[in-house]
Every structure is written in C-alpha cells, then in structure tokens.
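Enquirer: prediction below, plus the sequence it came from.
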Amino acid sequence: MKKNVLLGVSYLLFIFGFLFFLSSCSADGVGNDLNLKELDSSYFESHSQPATEDGKTTYNTRLIIIDIAKPRNDCKDGLGVCRICLICGPVKDNPREIVARMIEEEEGDFVLLELNKEILDNEYDTTLVIEENVYDESTGSYLLIGKYELDKEMGAFGGYKIPIKINK
C-alpha cells in the first residue's frame, strides 16, 4: 500500500513539474525566463522611396508593404510577418504596416526590415519568426518560413534580411 501511495505521489510531482516546464516556454518553444518584450512595427523604418545613389533610384531596389505581427496572434501583435504586398498601396489606419525595401542580389531577392531605433538585447526577443510562407495574393510571391536573427550591421540600428521568392 505504501508503495502505491509513493508511486502515485511521484507521478503527480512529475505531472506538475512537466506542466510548470511547459508554462515557462513561449509558444515558439523557446524558454522566455527573462520575460523579454517583442518588437512591433513601431521599431521598424518605413520608407517612402527605393534606395538611391547620387539622387537616382538604384536599379535593384523596390518597395514592399509588410504587416509586422504574428499570424498566431490574429495578426494583432508580435514579431513576425502577417501580410506582404508588392503592387498595392498602404491600408489606411493600419498601425502594423510598414513600407520596406526589397533588393535583388546575385544570390536571390530579399526584403530588408531596418530598425529605426536602438534596442537593448537583454530587453527584447529579437528573433523574427515567420511561421508559414507569407504570400502576396496578387502576385504569388512569398516570404520564406524561418527564424531570422537581428543583423546589427544593417542600417543605423540593425535589421533583418529575409529571402523572398518573386513570381516573375
């Protein structure tokens, strides 16, 4: 009888420990013991024109509209991408929307998401997660699934370089 009670108590302790472990993990499966904040669209540069050199638009840049938020959060918040659009205009009163630059390079096409202010690594989760390919419905082009780390060398405050497949 004592053996059964001890076994039952051990089982319950294991279950509670496992549940505690799960609750300490974020939805990305990564522990967030530091309660890091996530970046949102207010941290990103929004451009009004493609990149220029000597006052002339460079041949390999275009603009792309992007909603910064996670689909699993119903596209309301989080560091992710909910929507892209290559040939449309901005949506009025959409606080998550930014206009980013897209570049063509020998190794492929990329979207550049540049930060507009300095952030402290120990305060923010800076991994941008694209949970599923994000399609532009009008062109069929899409951003690729992946986890993208902050590149501190990009722009004045860092940024992300995300591959995009363009349907030409």
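Expert: Ah, there it is.
Enquirer: rest of the way, CA atoms for contacts and neighbours
Expert: OK.
Enquirer: how about stretch 131-147 as CSV, C-alpha atoms only?
Expert: The C-alpha coordinates for stretch 131-147 follow below in CSV (Å, rounded to 0.1, in the frame of the first residue of the first chain):
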residue,chain,number,x,y,z
GLU,A,131,5.8,30.6,-39.1
GLU,A,132,4.4,29.9,-42.6
ASN,A,133,5.2,31.2,-46.1
VAL,A,134,3.6,34.7,-46.3
TYR,A,135,2.1,35.1,-49.8
ASP,A,136,1.2,38.2,-51.8
GLU,A,137,-2.1,37.2,-53.2
SER,A,138,-1.9,39.4,-56.2
THR,A,139,1.5,38.1,-57.5
GLY,A,140,2.0,34.8,-55.8
SER,A,141,5.4,36.0,-54.4
TYR,A,142,6.2,35.0,-50.9
LEU,A,143,8.5,35.3,-47.9
LEU,A,144,10.1,32.1,-46.7
ILE,A,145,9.4,30.3,-43.4
GLY,A,146,12.2,30.7,-40.9
LYS,A,147,13.7,32.3,-37.9
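Enquirer: which residue ranges form the helices in this structure?
Expert: Remark: helices assigned in the chain by DSSP state H are 2-23.
Enquirer: quick one: low-confidence parts of it?
Expert: For the chain, the stretches flagged by pLDDT under 70 are 1-36, 40, 47-61, 168.
Enquirer: run the last query once more with 80
Expert: 1-62, 87-93, 120-122, 168 (pLDDT under 80).
Enquirer: endpoint to endpoint, stretch 118-137 covers what distance?
Expert: 33 Å (Cα to Cα, to the nearest Å).
Enquirer: in that stretch, what counts as buried?
Expert: Applying a neighbour-count criterion of 16 or more other Cα atoms under 10 Å, one finds 125, 126, 127, 128, 129, 130, 131, 133, 134, 135, 136 buried in stretch 118-137.
Enquirer: out of these, which is nearest to residue 118?
Expert: residue 126 (11.9 Å; Cα to Cα).
Enquirer: coming back round to it: can I get the buried residues of stretch 118-137 in CSV with distance to residue 69?
Expert: Shown next, in CSV, are the buried residues of stretch 118-137 (distance: Cα to Cα, whole Å):
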residue, distance to residue 69
125, 14
126, 13
127, 13
128, 10
129, 10
130, 10
131, 11
133, 14
134, 12
135, 14
136, 16
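Enquirer: sounds good, over and out.
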